[in-house]
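Chemist: using only what follows, build the 3D model:
(chains A and B)
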Protein chains: 2
Amino acid sequence: MTTDAATVTSPDRITWAMSELFSHTGGPALIGATTGSSRVTLTWEDRQQADFTLSWLRDHCPCTECRHTTTRERLYIPLELPEAAPAAHLEDGNLVLTWADDHVSPFDAGWLRQRQAGQPTGDAVPARRPWAEDFAPARVAHADFVQDAAGERQWLTALLRDGLVLLEDGPLADEEVSRLAERIGPLRATNFGARFDVRSKPNPNNAAYTAIGLPLHTDLPNWRQPPDIQLLYCLENGAEGGESTFTDGFAAAEALRERSPEAFRLLSETPIDFRFQDDTQDIAWRAPILTLDHDGQLLEVRFNNWIRDSLRLPLDQADAWYRAYIEFWHLVHDPSMRLEFSLQPGEMIAFDNRRVLHGRNAFNPNSGRRHLQGTYLDLDLLESRLRVLARST
Amino acid sequence: MTTDAATVTSPDRITWAMSELFSHTGGPALIGATTGSSRVTLTWEDRQQADFTLSWLRDHCPCTECRHTTTRERLYIPLELPEAAPAAHLEDGNLVLTWADDHVSPFDAGWLRQRQAGQPTGDAVPARRPWAEDFAPARVAHADFVQDAAGERQWLTALLRDGLVLLEDGPLADEEVSRLAERIGPLRATNFGARFDVRSKPNPNNAAYTAIGLPLHTDLPNWRQPPDIQLLYCLENGAEGGESTFTDGFAAAEALRERSPEAFRLLSETPIDFRFQDDTQDIAWRAPILTLDHDGQLLEVRFNNWIRDSLRLPLDQADAWYRAYIEFWHLVHDPSMRLEFSLQPGEMIAFDNRRVLHGRNAFNPNSGRRHLQGTYLDLDLLESRLRVLARST
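Modeler: This next block holds a predicted model:
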């Protein structure tokens, strides 16, 4: 055991390091701690009270035996629940518990305050906001993104909130998309490479590499873990047609839930097959079109008519599933909820591939050149980047 | 519309290409097709019968208008269900439907046979097999893996079936792990890089980079999409201790489901927080320890005591959750279900990080050198590789 918890100085009072890199200092001091057989009741100087279980407090001990001092990781393993109440006393407005085995656990008052049961944890990552009918994507200048933490935060915040953001006034430079992506994290490589070129090609293995129109879709739903964030950087767009289209798949799904609960249920509970095959790959996965979390909130949309594989359903469920699919198709393509615009050379669109559907109008490859460069990133690392940038403010 | 479906020759009869790269040829010819208002009833020459809905048949038309001839992707979009029954006739034992709008859909008899409702689709990917008490990992020689498709198939099959496989007798060459991985697919890069070195380091940001013992865990449960497959290649292992440990997390979870259904329910329905922080990253995700699919089958285990973040649960649920966690902890570490062995230089262990937990005993960094190199791969691409290798047999 140890009592020499590292301390940091705050303007108000000495506070104790809790193996956290985000702020928990400041705020009211503790003025009371009462231990019971399974809980400790704490009172802060503003008279607010909160209970913590003994199991929780023992598990969260921040001492140097229970937390690694450099990795900050938990070393303590909760192999049993505390059987006896600890002795509690306050030191400088913070809590010190002494357990039956003489282990001492020092807790910062502000850190405990942040962790009252039922309280949300503050997070720099914004909540998702569904697109309204007049939604227009936020625009951030390339120069602001690369030169200024505030510009990068603006770009990240819009992308995480809206699922889509435009970067503008960038250079017409090969691989600029990779350089921008690597500021955030490593490229997420797929069977189409770490970085791909979207233009009309001979012998395409993918509809994106033709000149045909692409109805709205998500990429790679045939992967068990499809890439999260797609970046598409426009280098040339001189062909007739080829406008980009986007819609908020979560908003479309919520509209379906509202209008046709049974269709929503079918699309969220019926796994279907997706499969991509070419000479060197055969990538297949089975999942519903809509994936929900335990609370019924949307986690993911998988929607890609090209690589829907043979539908394997009991015969008497097929027509109902198709009707639900058709209804969702029409909601997804509802013009009032759809963005359509021509990407300009030097612009980059970034979007959440597991939320926002993307497509494009057909273009005439003989009328001019159209060339986008694309890559994928992990959403985890965008959120991480935003949290780290928020530390310094 | 088109009637000139591409044809391929089989030993038995002419069969029709169905935009598939896996085999559907051979097998009995069709001898009857009866159309009803919503279904077509087919009879093969062995008298087996199956029904297909009109909606399904129209959606799966393989003609060159409905399927792209080079990408093989579906171009047809099911915007409405067929209202009238098509005319059906047989050609050379295969089915030809002519719809009310004169569109013609040619279907191969063997392809339809594979797709009867309720039939599983054949797949080269083996079913997962839980470890028995006497489980020992399959071993494949490095030379067989790199020189022989059969060796590579053996390695892939064991890894996908058991979640773990050993490669042996490899060279003591820096980056060999990356060369082996790239035979399958691109490296899955994380905040620890595309390729990482596991050895004792000064100022570690992760317990793996110390010499301490590591209880069984999965990597990166703080990512919404943790890496699937981990490869660890042993270059040196001369330190005292440092034995590798593994257990089948799915088998442990099934043992929990059998023994304590309520504990299993708590761990599969209670999302908890995982979080990793260092100077440049703050990666956090909220998910249950056990993730199930719609049928209650295990999809993923997230188990990592170091980066469990503060537990956010209603006060009256905390003790029950900790009891369930402790019970699972003991099942996971049950010596009768755990592998323990020293990786030898030139050996590489590969395992499914979302199924199999890994750990190591403490080692004495002053007694000798221990150096592993690791990377991650996407399971999708291992399965794909196995399917492609299976095409040629």
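Chemist: please report the distance of A:S105 from chain B.
Modeler: 14 Å (CB to the nearest CB, to the nearest Å). C-beta: built from backbone N, CA, C; applies to glycine.
Chemist: from memory that residue sits against A:C61, does it?
Modeler: Yes: here A:S105 lies in contact with A:C61, judged by CB atoms under 8 Å, at a distance of 3.9 Å.
Chemist: do stretch A:27-37 and chain B come into contact?
Modeler: No: legend: contact between stretch A:27-37 and chain B by CB under 8 Å from any CB of the partner chain is lacking; minimum distance shown is 11.5 Å.
Chemist: could you list the buried residues of that stretch?
Modeler: Buried residues in stretch A:27-37, counted by 16 or more other CB atoms under 10 Å in any protein chain shown: A:G27, A:P28, A:A29, A:L30, A:A33, A:T35.
Chemist: show the average pLDDT along it.
Modeler: Throughout stretch A:27-37, pLDDT has a mean value of 93.
Chemist: dump it to CSV, restricted to CA.
Modeler: Taking Å, rounded to 0.1, in the frame of the first residue of the first chain, the C-alpha atoms of stretch A:27-37 are listed here in CSV:
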residue,chain,number,x,y,z
GLY,A,27,-15.0,22.2,-7.9
PRO,A,28,-16.2,21.9,-4.3
ALA,A,29,-14.3,20.1,-1.6
LEU,A,30,-15.7,17.3,0.5
ILE,A,31,-17.0,18.1,3.9
GLY,A,32,-18.4,14.7,5.0
ALA,A,33,-17.9,10.9,4.5
THR,A,34,-20.0,8.3,6.2
THR,A,35,-19.3,4.6,5.7
GLY,A,36,-21.9,1.9,5.8
SER,A,37,-21.8,-1.8,5.3
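Chemist: ok, residues contacting that stretch?
Modeler: A:13, A:40-46, A:48, A:85-90, A:92-95, A:97, A:109-110, A:112-113 (CB atoms under 8 Å, 6 or more residues apart in numbering or on different chains).
Chemist: show me these that map onto strands.
Modeler: Mapping the contacts of stretch A:27-37 onto strands (DSSP state E) picks out A:V40, A:T41, A:L42, A:T43, A:W44, A:A87, A:A88, A:H89, A:L90, A:N94, A:L95, A:L97.
Chemist: contact residues of the stretch 51-200 of chain A facing chain B?
Modeler: So far as CB under 8 Å from any CB goes, the stretch 51-200 of chain A lies against chain B at A:51-53, A:55-56, A:59-60, A:68, A:70-75, A:77-81, A:115, A:117-119, A:121, A:123, A:185-191, A:193-194.
Chemist: out of those residues, list just those in helices.
Modeler: Using DSSP state H, A:S55, A:W56, A:D59 are the members of those that sit in helices.
Chemist: in contact with the first one, which residues?
Modeler: Translated: A:S55. So A:S55 contacts A:S38, A:P78, A:L81, A:P82, B:A318, B:D319, B:Y322 (CB under 8 Å, 6+ apart).
Chemist: just the closest of the residues you listed to B:F363, please.
Modeler: Closest approach between the contacts of A:S55 and B:F363, by CB to CB: A:P78, at 25.2 Å.
Chemist: and the closest one, what does it touch?
Modeler: With CB under 8 Å, 6+ apart, A:P78 has these contacts: A:S55, A:R58, A:D59, B:Y322, B:Y325, B:I326.
Chemist: and A:E383, that's in a helix?
Modeler: Yes: assigned with DSSP: H, G, I helix; E, B strand; the rest coil, A:E383 falls within a helix.
Chemist: that one contacts A:T157, doesn't it?
Modeler: No: assessed by CB under 8 Å, A:E383 is found out of contact with A:T157, at 10.6 Å.
Chemist: between these two, which one's more packed in?
Modeler: Legend: neighbour count by other CB atoms under 10 Å in any protein chain shown for A:E383 and A:T157, higher for A:E383 (22 against 19).
Chemist: could you tell me how many residues sit around A:A84?
Modeler: A:A84 has 11 nearby residues by other CB under 10 Å.
Chemist: let me fix that, I meant to ask about A:P202.
Modeler: Neighbour count for A:P202, taken as other CB under 10 Å: 6.
Chemist: hmm, back to that, would you turn the buried residues of stretch A:27-37 into JSON lines with secondary structure?
Modeler: Output for the buried residues of stretch A:27-37, formatted as JSON lines (three-state DSSP):
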{"residue": "A:G27", "secondary structure": "coil"}
{"residue": "A:P28", "secondary structure": "coil"}
{"residue": "A:A29", "secondary structure": "coil"}
{"residue": "A:L30", "secondary structure": "strand"}
{"residue": "A:A33", "secondary structure": "strand"}
{"residue": "A:T35", "secondary structure": "strand"}
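Chemist: which one among those gets closest to chain B?
Modeler: Relative to chain B, the closest of these is A:T35; by CB to the nearest CB it sits at 14.9 Å.
Chemist: and stretch A:107-127, how far from the chain's centre?
Modeler: Relative to its chain's centre, stretch A:107-127 lies at 19 Å (CA atoms, centre = their mean, to the nearest Å).
Chemist: cool, and stretch A:94-110?
Modeler: Here stretch A:94-110 is found 35 Å from its chain centre; the criterion is CA atoms, centre = their mean.
Chemist: what comes into contact with it?
Modeler: By CB under 8 Å, 6+ apart, the surrounding residues in contact with stretch A:94-110 are A:1-3, A:5, A:15-18, A:24-30, A:33, A:35, A:40, A:42, A:44, A:57-58, A:60-63, A:65-66, A:82-84, A:86-91, A:93, A:112.
Chemist: stretch A:338-347 too?
Modeler: A:135-137, A:142, A:164, A:166-172, A:216, A:232-237, A:242-247, A:349, A:361, A:372.
Chemist: so which of those belong to helices?
Modeler: Using DSSP H, those in helices are A:H142.
Chemist: write a PyMOL command that selects only the buried members of the contacts of stretch A:338-347.
Modeler: PyMOL command restricting the contacts of stretch A:338-347 to the buried ones, with burial defined by 16+ other CB under 10 Å:
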select buried, chain A and resi 135+137+142+164+166+167+168+170+216+232+233+234+235+237+242+243+244+245+246+247+349+372
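Chemist: so between A:S105 and A:C61, which is more surrounded?
Modeler: A:S105 (25 against 22).
Chemist: ok so that one is a strand residue?
Modeler: Yes: under three-state DSSP, A:S105 sits within a strand.
Chemist: ok, now which ones touch A:T245?
Modeler: Contacts of A:T245 (CB under 8 Å, 6+ apart): A:L216, A:R338, A:L339, A:E340, A:H358, A:G359, A:R360, A:N361.
Chemist: which pLDDT value belongs to it?
Modeler: On pLDDT, A:T245 comes in at 97.
Chemist: burial count for the residue of the stretch 1-150 of chain A found nearest chain B?
Modeler: Closest to chain B within the stretch 1-150 of chain A is A:E73: 3.5 Å, counting by CB to the nearest CB. Per other CB under 10 Å, the neighbour tally for A:E73 reads 20.
Chemist: now A:R183
Modeler: Residues lying near A:R183 (other CB under 10 Å) number 10.
Chemist: give me the three-state assignment for it.
Modeler: Note that with three-state DSSP, the state of A:R183 is helix.
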